[in-house]
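S.K.: Next one to model:
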Amino acid sequence: MQSTFLLRPDSGLTSNLSLMNLAIVIAIISGVGFLASRIFFHPLRHIPGPLLPSLFAAPLFYQSVIGNRAKWIVQQHKKYGSVLRIAPNKVCVSSETGVKLIYSNKALKSHAYDTFKYRDVKMCIGLLDVHRAHARRKAILPAFSRQNLLEMEPVIRRHLEKFLGWLEKFDATNTPVDTFKWYRYLTFDVVTDIAFGQQIGMLTSEDSHFTEQVEFRNKRNGHV
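M.R.: So this is what the prediction gives:
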């Protein structure tokens, strides 16, 4: 007498495989839909640029991490023109007309400008409110008239040469540079020399104590 055994598929295993297949199908459909939205339906789809950066932010992030962002963008401009899509939601403009339009007094700023600050001290360029920004620019605009700038040129040139000397030294010794800090040194040396006729010598001493005191007093007096 012979016995016959029938092997039945495990219902639990079959169910898990079905769910896995379903998840894979959903992921594929979602991925195709995502790519299609970036290529065919995105508001910036008409702006030229390389394909991958128009789909993902990773290429621009990678170029930034390796310190090649500016050079890479210049290369893309040469290939695609003055208006360039460098990321899904980022456009870079190199034309004179475009720059004037973007930086006009009436142009609305995105929240990306919130990063234009040092610690919690807001810079003029970082003010999103057009009226507040205009009022602050209006207060300092006379100092930057053409005639005044021509008179300031010898003072500015003297400090700028000292600043460039430091950059050449850093380059020769392959020393990493906190450019934000050094541009602040240059700015404060120029401004105090022009405004008060006094050289505080931040480029000479590499001392940030003066700027720290100014920031502290501004915060205390509510002038941030």
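
S.K.: Quickly note the distance from Ile47 to Phe61.
M.R.: Distance check for Ile47 against Phe61: by Cβ to Cβ, to the nearest Å, it reads 19 Å. For glycine as for every other residue, the C-beta is placed from the backbone atoms N, C-alpha and C.

S.K.: Mind checking which of these two has more residues around it?
M.R.: Neighbours around Ile47 and Phe61, counted as other Cβ atoms under 10 Å, are more numerous at Ile47. The numbers are 17 against 13.

S.K.: secondary structure class for the residue nearest to that one when sequence neighbours are not counted?
M.R.: Distances taken as Cβ to Cβ, 6 or more residues apart in numbering put Arg85 closest to Ile47, at 4.3 Å, once the chain neighbours are dropped. On the three-state scheme (DSSP: H, G, I helix; E, B strand; the rest coil), Arg85 is labelled strand.

S.K.: Who is Arg85 paired with across the strands?
M.R.: Listed by DSSP bridges, the beta-bridge partners for Arg85 are Val91.

S.K.: give me the number of residues near it?
M.R.: By other Cβ under 10 Å, neighbour count at Arg85 equals 22.

S.K.: Pull the contacting residues for it.
M.R.: Taking Cβ atoms under 8 Å, 6 or more residues apart in numbering as the criterion, Arg85 is in contact with 44, 47-49, 53-54, 91-92.

S.K.: Sketch out the low-pLDDT regions of the protein for me.
M.R.: Segments of the chain classed as low confidence (criterion: pLDDT under 70) are 1-17, 118-121, 206-211, 213-224.

S.K.: where along it do the strands fall?
M.R.: 83-87, 90-93, 117-118, 121-122 (DSSP state E).

S.K.: Could I get those in a markdown table, plus columns for distance to Val177?
M.R.: Output for the strands of the chain, formatted as a markdown table (distance: least, Cβ to Cβ, whole Å):
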| stretch | distance to Val177 |
| --- | --- |
| strand 83-87 | 25 |
| strand 90-93 | 24 |
| strand 117-118 | 17 |
| strand 121-122 | 21 |
